[in-house]
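J.: quick one, structure for this:
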Amino acid sequence: MSDSSPARPAVPVLDVWCDLQCPDCRSALDDLRALRARYGDRLELRLRHFPLEKNKHAFAAAQAAEEAAEQGQGWAYVEAVLGRVEELGRKGEPFLVEVARELGLDAEEFDTALIDGRHILIVDADQAEGKAIGVTGTPTYVIGGERLDGGKSQEGLRERVEEIADRLLAQ
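T.: The predicted model follows:
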């Protein structure tokens, strides 16, 4: 899921490998909001799906996020789900449809998308690419070819992302 449009000039890209049932990813939300506020359209922020096996609803949540993006509310949906990871853990897929309804999205289409699996290939491709570049946990950030692992600690990561982004923007 991406904030970019095809007509945009090349800008630095921050890939955020995320599991939507991950408490550490929820903790990273404030950093992502701050980065979006600081850089706006000078930094392309892309959510990349990396559902972890230990989180049984993460794969469905990734598919739901893609449906939300298709309906024009990708980031709002991601933030809503990440803000309530415990509820996702308790309620599962019905919670994903509930969040869609709360955001005014087509909840029936969400339900259908989760049943027919129309977004599985996107999630699978993200996960395969993540594994290929060495992602093992979430959140993991990749910017300017540098991988930063936030699964162990978020401390200092936003500052490091800002340093790299500033350097790339100055080039």
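
J.: look up how far Glu102 lies from the closest residue in space to Gly104 that isn't next to it in sequence.
T.: Using Cβ to Cβ, 6 or more residues apart in numbering and skipping the chain neighbours, the partner closest in space to Gly104 is Gln73 (7.9 Å). Where C-beta positions appear, they are placed from N, C-alpha and C, glycine not excepted. Using Cβ to Cβ, to the nearest Å, one gets 11 Å for the distance from Gln73 to Glu102.

J.: quick check, the residue nearest to Gly104 in contact with Leu105.
T.: Yes. The pair Gln73 and Leu105 qualifies as a contact (Cβ atoms under 8 Å) at a distance of 5.8 Å.

J.: tell me which stretches of the chain form helices.
T.: For the chain, the helices defined by DSSP state H cover 23-39, 58-70, 74-82, 85-91, 93-102, 107-116, 120-132, 157-170.

J.: out of these, deepest packed?
T.: Of all the helices of the chain, helix 58-70 has the most neighbours on average by mean count of other Cβ atoms under 10 Å, namely a mean of 24.

J.: how big is the angle separating it from helix 23-39?
T.: 30 degrees (axes from the mean of the first three to the mean of the last three Cα atoms, to 10 degrees).

J.: just the angle between helix 58-70 and helix 120-132, please?
T.: Computed by the same axes, to 10 degrees, the angle between helix 58-70 and helix 120-132 is 120 degrees.

J.: okay, now the unreliable bits of this protein?
T.: 1-9, 151-152 (pLDDT under 70).

J.: how about the helices of the chain in CSV, adding distance to Pro51?
T.: Formatted as CSV, the helices of the chain follow (distance: least, Cβ to Cβ, whole Å):
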stretch, distance to Pro51
helix 23-39, 11
helix 58-70, 3
helix 74-82, 12
helix 85-91, 12
helix 93-102, 13
helix 107-116, 14
helix 120-132, 7
helix 157-170, 21
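
J.: which one of those lies nearest to Ile143?
T.: helix 157-170 (4.9 Å; Cβ to Cβ).

J.: helices or strands up against the closest one?
T.: helix 23-39, strand 140-143, strand 146-149 (3 or more Cβ pairs under 8 Å, 6 or more residues apart in numbering; DSSP states H and E).

J.: distance to Ala128 added to those, as JSON lines?
T.: Output for those, formatted as JSON lines (distance: least, Cβ to Cβ, whole Å):
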{"stretch": "helix 23-39", "distance to Ala128": "19"}
{"stretch": "strand 140-143", "distance to Ala128": "14"}
{"stretch": "strand 146-149", "distance to Ala128": "16"}
